[in-house]
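*Asks:* What shape does this take:
(2 chains)
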Amino acid sequence: GAVVSQHPSWVICKSGTSVKIECRSLDFQATTMFWYRQFPKQSLMLMATSNEGSKATYEQGVEKDKFLINHASLTLSTLTVTSAHPEDSSFYICSANPPSYEQYFGPGTRLTVT
Amino acid sequence: AQTVTQSQPEMSVQEAETVTLSCTYDTSESDYYLFWYKQPPSRQMILVIRQEAYKQQNATENRFSVNFQKAAKSFSLKISDSQLGDAAMYFCSYLSGSARQLTFGSGTQLTVLP
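*Replies:* Reported below is the predicted structural model:
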């Protein structure tokens, strides 16, 4: 099956710094990738849709200047949390669409902001 | 907008027994897909089973099967011969045929008792 990787799997950063999370489709090309946020014992909340070669589409209530998304190639999308604060601590998951309707999920990144 | 409802926040089942997780959805579309995902403690999202709305036959995958009632907009998951490894959070999700964004239910935490 299709594989999606995320890096890093866990990151701790200080308040006010920026953190970049990478999402890669390893064995397929993905014109569209998605970024989710998940709090403990809750469902996945879609943050934004990342489109290769164009600007990301953000969901209502998601600050685009805080969560910068770049989809520079057909296999890589990045999420940068700028000026991170403790309330940004969460589990971030990406998914990618091959040329079919299915989505494949990365293993997630646990972000802790101290 | 589409909504997905899982009315059982928690369920438990005895090992080797059968359990059914409920899911209902709301849509005005005729072309869509439904999924059940499993999220174990590792938090990796794993696809359990998929159902295309145009297919009348209920999907099955080994011990997992669905009861897809299109008119009632119901999509329940049956797990037979439950195993300890089935313990996880289960999410029901909807994918529009015209869009690529998944809509998730709130999840059902399944505990398997030895």
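*Asks:* since we're on B:Ser30, how many residues are nearby?
*Replies:* Using other C-beta atoms under 10 Å in any protein chain shown, B:Ser30 is surrounded by 9 other residues. Just so you know, the C-beta spots here come from the backbone N, C-alpha and C atoms, and that holds for glycine as well.
*Asks:* Okay, and it sits in which element?
*Replies:* Using DSSP states H and E, B:Ser30 sits in no helix or strand.
*Asks:* ok, it touching B:Glu52?
*Replies:* No - distance between B:Ser30 and B:Glu52: 11.6 Å, which falls outside the contact criterion (C-beta atoms under 8 Å).
*Asks:* most centrally placed residue in chain A?
*Replies:* For chain A, the residue sitting closest to the mean C-alpha position, by C-alpha atoms, centre = their mean, is A:Trp35 at 3.8 Å.
*Asks:* I should have written chain B there, sorry.
*Replies:* Note: chain B centre (C-alpha atoms, centre = their mean) maps to B:Trp36, 3.2 Å.
*Asks:* Might you report the residue contacts of it?
*Replies:* By C-beta atoms under 8 Å, 6 or more residues apart in numbering or on different chains, the residues touching B:Trp36 are B:21, B:23, B:47-49, B:64, B:66, B:75, B:77, B:90-93.
*Asks:* Repeat that for A:Ser43.
*Replies:* For A:Ser43, the contact set (C-beta under 8 Å, 6+ apart) comprises B:91, B:104-107.
*Asks:* JSON lines please, covering the residues you listed and showing neighbour count, pLDDT and secondary structure.
*Replies:* Converted to JSON lines, those look like this (neighbours: other C-beta atoms under 10 Å in any protein chain shown; pLDDT from 0 to 100; DSSP: H, G, I helix; E, B strand; the rest coil):
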{"residue": "B:Phe91", "neighbour count": "24", "pLDDT": "98", "secondary structure": "strand"}
{"residue": "B:Phe104", "neighbour count": "21", "pLDDT": "96", "secondary structure": "strand"}
{"residue": "B:Gly105", "neighbour count": "25", "pLDDT": "97", "secondary structure": "coil"}
{"residue": "B:Ser106", "neighbour count": "16", "pLDDT": "97", "secondary structure": "coil"}
{"residue": "B:Gly107", "neighbour count": "23", "pLDDT": "98", "secondary structure": "coil"}
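*Asks:* A:Leu79: which of the residues you listed is nearest?
*Replies:* Distance to A:Leu79 across the contacts of A:Ser43 (C-beta to C-beta) is lowest for B:Phe104, with 18.7 Å.
*Asks:* Neighbours of the spatially closest residue to A:Val62 that is not a sequence neighbour, how many?
*Replies:* Distances taken as C-beta to C-beta, 6 or more residues apart in numbering or on different chains place A:Met47 nearest to A:Val62, at 5.0 Å, with adjacent residues excluded. Neighbourhood size, A:Met47 [other C-beta under 10 Å]: 24.
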